[in-house]
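S.K.: for reference, the sequence and a predicted model appear below.
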Amino acid sequence: SDIQPSKFDANVVFASFDNILRDDFTPYVYKSADKGRTWMSIAGNLPKNGTVHSIQQDFVNPDLLFAGTEFGCFFTVDGGKAWVQLKSGIPTIPVRDIAIQKRENDLVVATFGRGFYILDDYTPLRTFKKEILEKEAYLFPVKDALMFPQTRGGGQSGSMTYVAKNPEFGAVFTYFMKEKLAPKTMKATREEKENELFKKGEKIPMPTPAELRAEENEIPSYITYTISDAKGNVIRTIRKTPASGIQRFVWDMRRQSTRSVEAGEKFDPLADNGSGLQVAPGKYKVSISMTIGDQTSLLAGPEEFTCKVIGSTSFPIKDRAALADLYQKITELSTTVGGTENYAEGLYKRALNIEQALAALPVPNIELSKKAKDIVTQLDVILNQKFNRKSNVPSEEENPPSPVTLNSRLGTMSSSLWAATSEPTQTQMGAYNILNEEFPPVYQQIKKLGETDIPALENELNKIGAPLTPGRLPILNK
């Protein structure tokens with residue numbers, strides 16, 4: 001069914017045979033070390049009913065072989081003594097042909113159903129050894145991560161455009177984790193015991209409300225990928241649910257996001273706040289740790305790898321370190337502006353509640369109502385004139401007389417930097433400098449309203465016995 005001359009020794013040749021038409025589904029895979037005069041079987045532990053259709057040899061490790069069978073694709077790292085099935089994403093269908101893309105070290109298989117499947121960068125299989133399976137976890141060497149602008153072309157081609165799924169963009173981490181390394185949750189443990197008691201016909205104890213609540217509040221174990229730069233500074237941490245076997249994870253080569261965070265009904269350590277700006281090219285390290293309860297332990301790593309730019313840029317960057325520092329400052333300013341706006345929105349709702357509570361008094365308090373109205377007006381101006389514009393008249397293009405808002409300058413400064421491969425433009429730097437001048441006074445005004453004016457007004461409401469408002473602690477009178 002297939003023949004594969006060795007890529008290392010002119011005397012060695014591999015061959016597979018198909019006897020399926022005689023109802024013989026035995027996997028026949030043979031190796032000859034004397035140019036075909038004598039042969040020995042290397043079928044090893046291949047499934048007994050899995051006819052072999054194709055065979056391929058790696059071009060670096062002579063003992064790494066791939067076999068396409070009637071029910072999927074297998075590989076061996078010891079010349080055929082033991083075979084392992086490739087399962088992730090490959091269905092159990094006949095694999096008729098196998099090819100290797102040498103430049104990227106990709107394994108390409110063609111199936112009976114006319115489908116092609118590609119295993120991107122199979123190099124971890126070259127170093128795979130039995131000893132790895134005895135470790136709790138193992139992090140394979142990391143291939144250089146290529147940095148380039150991502151585009152979506154073909155928008156004007158109509159129905160002629162064909163778009164296939166690309167590999168995930170970023171640094172690819174391949175690791176092995178032993179099965180059942182993560183402990184079961186309290187709920188899973190209890191249900192397992194209950195099933196055993198049920199099978200034995202024994203009495204099943206009823207969990208107490210406290211036990212059920214403890215199960216509900218339990219935080220399951222999780223693994224953490226920690227990426228640090230050449231100086232040892234942690235720039236990104238990502239948490240995932242543990243999974244056994246050989247797994248892969250892709251980091252998009254971006255810093256930790258500094259966006260505002262809002263929790264759900266329960267703390268979730270796996271919640272991802274998204275990505276920040278792209279990192280600079282250079283050396284990085286990745287490690288994997290496991291957290292069980294309050295204890296965190298290192299599983300594998302650190303493993304060093306390189307993020308490098310490919311292709312040429314129209315405007316080369318002179319000092320990438322200085323640019324990375326500038327991007328960090330821009331990120332911090334962007335985070336502060338966005339967070340301050342969210343804070344002001346909360347204050348606005350708080351001030352409206354105060355104004356409404358004063359209106360509910362049987363006897364109006366004119367002085368406090370006037371103060372509340374003044375705070376609501378200040379915050380309305382800040383939110384709908386300083387940060388944003390409710391009206392489109394005049395348009396943003398008609399400047400003057402239309403004022404440029406803080407968010408407009410922020411958008412000019414940060415949006416195009418997300419995928420930039422060159423230094424900031426003069427327009428972007430101008431927006432950054434103006435924002436540094438215009439934003440601090442607004443920030444101080446909001447800070448005074450939130451830390452002084454509104455708390456003082458709420459204190460007055462407590463004194464006069466005004467109706468309660470959200471976030472205001474009532475006075476306890478004994």
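M.R.: Yep, that arrived.
S.K.: every contact and neighbour count from this point should use C-alpha atoms.
M.R.: OK.
S.K.: what residues sit buried inside stretch 449-459?
M.R.: Using 16 or more other Cα atoms under 10 Å as the test for burial, stretch 449-459 gives Leu449, Gly450, Ile454, Leu457, Glu458.
S.K.: ok, so of the residues you listed, who is nearest Leu146?
M.R.: Lowest distance from Leu146 to the buried residues of stretch 449-459 (Cα to Cα) belongs to Gly450, with 46.2 Å.
S.K.: now the buried residues of stretch 449-459 as JSON lines including distance to Phe169 and secondary structure?
M.R.: Formatted as JSON lines, the buried residues of stretch 449-459 follow (distance: Cα to Cα, whole Å; DSSP: H, G, I helix; E, B strand; the rest coil):
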{"residue": "Leu449", "distance to Phe169": "45", "secondary structure": "helix"}
{"residue": "Gly450", "distance to Phe169": "43", "secondary structure": "helix"}
{"residue": "Ile454", "distance to Phe169": "48", "secondary structure": "helix"}
{"residue": "Leu457", "distance to Phe169": "52", "secondary structure": "helix"}
{"residue": "Glu458", "distance to Phe169": "51", "secondary structure": "helix"}
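S.K.: residue ranges with poor pLDDT in the stretch 201-350 of the chain?
M.R.: 263, 311-324 (pLDDT under 70).
S.K.: show me where it has strands.
M.R.: Per DSSP state E, counting those that start in this stretch, the stretch 201-350 of the chain carries strands over the ranges 222-229, 234-240, 245-251, 254-256, 275-278, 282-292, 295-309.
S.K.: nearest to Val95, out of those?
M.R.: Of the strands of the stretch 201-350 of the chain, nearest to Val95 by Cα to Cα is strand 245-251, at 21.5 Å.
S.K.: same for the closest one, what does it pack against?
M.R.: Contacting strand 245-251 under the criterion 3 or more Cα pairs under 8 Å, 6 or more residues apart in numbering; DSSP states H and E are the following elements: strand 171-177.
S.K.: and the strand it packs on, what other elements does it pack with?
M.R.: The helices and strands touching strand 171-177, judged by 3+ Cα pairs under 8 Å, 6+ apart, are strand 137-139, strand 145-147, strand 245-251.
S.K.: now do the very next helix or strand once past that strand: everything it contacts.
M.R.: Per DSSP states H and E, the first helix or strand lying C-terminal to strand 171-177 is helix 186-200. Helix 186-200 is contacted by residues Lys203, Ile204, Glu215, Glu218 when judged by Cα atoms under 8 Å, 6 or more residues apart in numbering.
S.K.: dump the residue contacts of the residue lying closest to Phe176 once chain neighbours are set aside.
M.R.: Spatial nearest neighbour of Phe176, excluding adjacent residues (Cα to Cα, 6 or more residues apart in numbering): Ile246 at 4.3 Å. By Cα under 8 Å, 6+ apart, the contact list for Ile246 reads Thr174, Tyr175, Phe176, Met177.
S.K.: ok now stretch 274-281, how far from the chain's centre?
M.R.: 12 Å (Cα atoms, centre = their mean, to the nearest Å).
S.K.: ugh, wrong one, stretch 233-241
M.R.: Its chain's C-alpha centre and that of stretch 233-241 lie 9 Å apart, by Cα atoms, centre = their mean.
S.K.: contacts for it next, please.
M.R.: Residues from elsewhere that reach stretch 233-241, judged by Cα under 8 Å, 6+ apart: 221-229, 254-256, 269-272.
S.K.: check the residues you listed for burial and list the buried ones.
M.R.: Buried members of the contacts of stretch 233-241, counted by 16+ other Cα under 10 Å: Ser221, Tyr222, Ile223, Thr224, Tyr225, Thr226, Ile227, Ser228, Asp229, Arg254, Arg255, Gln256.
S.K.: between those residues, which sits nearest Leu119?
M.R.: Distances from Leu119 to the buried ones among the contacts of stretch 233-241, taken by Cα to Cα, are shortest for Tyr225, at 22.5 Å.
S.K.: hang on, the earlier thing: and the helices and strands packed on strand 171-177, which is most packed in?
M.R.: Among the helices and strands packed on strand 171-177, strand 137-139 has the highest mean neighbour count (mean count of other Cα atoms under 10 Å), at a mean of 21.
S.K.: what is the mean pLDDT for that strand?
M.R.: The predicted model gives strand 137-139 an average pLDDT of 85.
S.K.: which residues does that strand contact?
M.R.: If you take Cα under 8 Å, 6+ apart as the criterion, strand 137-139 is touched by Ile132, Phe173, Thr174, Tyr175, Phe176, Met177, Lys178, Ser287, Leu299, Ala300, Gly301, Glu303.
S.K.: mean confidence score for stretch 382-392?
M.R.: 80.
S.K.: chain center to it: distance?
M.R.: On Cα atoms, centre = their mean, the centre of stretch 382-392 falls 34 Å from the chain's centre.
S.K.: about what we covered before: can I get the buried ones among the contacts of stretch 233-241 in CSV with distance to Glu192?
M.R.: Formatted as CSV, the buried ones among the contacts of stretch 233-241 follow (distance: Cα to Cα, whole Å):
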residue, distance to Glu192
Ser221, 18
Tyr222, 21
Ile223, 24
Thr224, 28
Tyr225, 31
Thr226, 34
Ile227, 37
Ser228, 40
Asp229, 44
Arg254, 41
Arg255, 41
Gln256, 39
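S.K.: which members of these are the farthest-apart pair?
M.R.: For these, and using Cα to Cα, no pair is farther apart than Ser221 and Asp229, which are 26.4 Å apart.
S.K.: per-residue confidence for the closest residue to Val109 other than its chain neighbours?
M.R.: Once flanking residues are discounted, Val109 sits nearest to Ile98: 4.5 Å by Cα to Cα, 6+ apart. pLDDT, Ile98: 93.
S.K.: with Ser416 instead?
M.R.: The model reports Ser416 with a pLDDT of 62.
S.K.: reformat the strands of the stretch 201-350 of the chain as TSV; add distance to Trp83.
M.R.: Formatted as TSV, the strands of the stretch 201-350 of the chain follow (distance: least, Cα to Cα, whole Å):
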stretch	distance to Trp83
strand 222-229	29
strand 234-240	29
strand 245-251	15
strand 254-256	38
strand 275-278	39
strand 282-292	28
strand 295-309	25
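S.K.: now the helices: where do they sit in the stretch 301-450 of the chain?
M.R.: 320-359, 366-381, 406-414, 426-448 (DSSP state H, counting those that start in this stretch).
S.K.: which strands or helices does the first one pack on?
M.R.: This means helix 320-359. Counting contacts by 3+ Cα pairs under 8 Å, 6+ apart, helix 320-359 packs against strand 275-278, helix 366-381, helix 406-414, helix 426-448, helix 454-463.
S.K.: now do the buried residues in the longest one.
M.R.: Going by neighbour count (16+ other Cα under 10 Å), the buried part of helix 426-448 is Gln428, Ala431, Tyr432, Leu435, Phe439, Val442, Tyr443, Ile446.
S.K.: keeping just the C-alphas, turn it into CSV.
M.R.: The C-alpha coordinates for helix 426-448 follow below in CSV (Å, rounded to 0.1, in the frame of the first residue of the first chain):
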residue,chain,number,x,y,z
GLN,A,426,2.7,62.7,15.2
THR,A,427,-1.1,62.7,15.4
GLN,A,428,-1.1,59.9,18.0
MET,A,429,1.6,61.6,20.1
GLY,A,430,-0.3,64.9,19.9
ALA,A,431,-3.4,63.2,21.2
TYR,A,432,-1.4,61.6,24.0
ASN,A,433,0.2,65.0,25.1
ILE,A,434,-3.1,66.9,25.0
LEU,A,435,-4.8,64.1,26.9
ASN,A,436,-2.1,64.4,29.6
GLU,A,437,-3.0,68.1,29.9
GLU,A,438,-6.8,68.0,29.7
PHE,A,439,-7.6,64.9,31.7
PRO,A,440,-5.9,65.7,35.1
PRO,A,441,-8.3,68.6,36.0
VAL,A,442,-11.3,66.4,35.2
TYR,A,443,-9.8,63.6,37.3
GLN,A,444,-9.4,65.9,40.3
GLN,A,445,-12.9,67.2,40.0
ILE,A,446,-14.3,63.6,40.0
LYS,A,447,-12.1,62.6,42.9
LYS,A,448,-13.4,65.5,45.0
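S.K.: many thanks, we can stop here.
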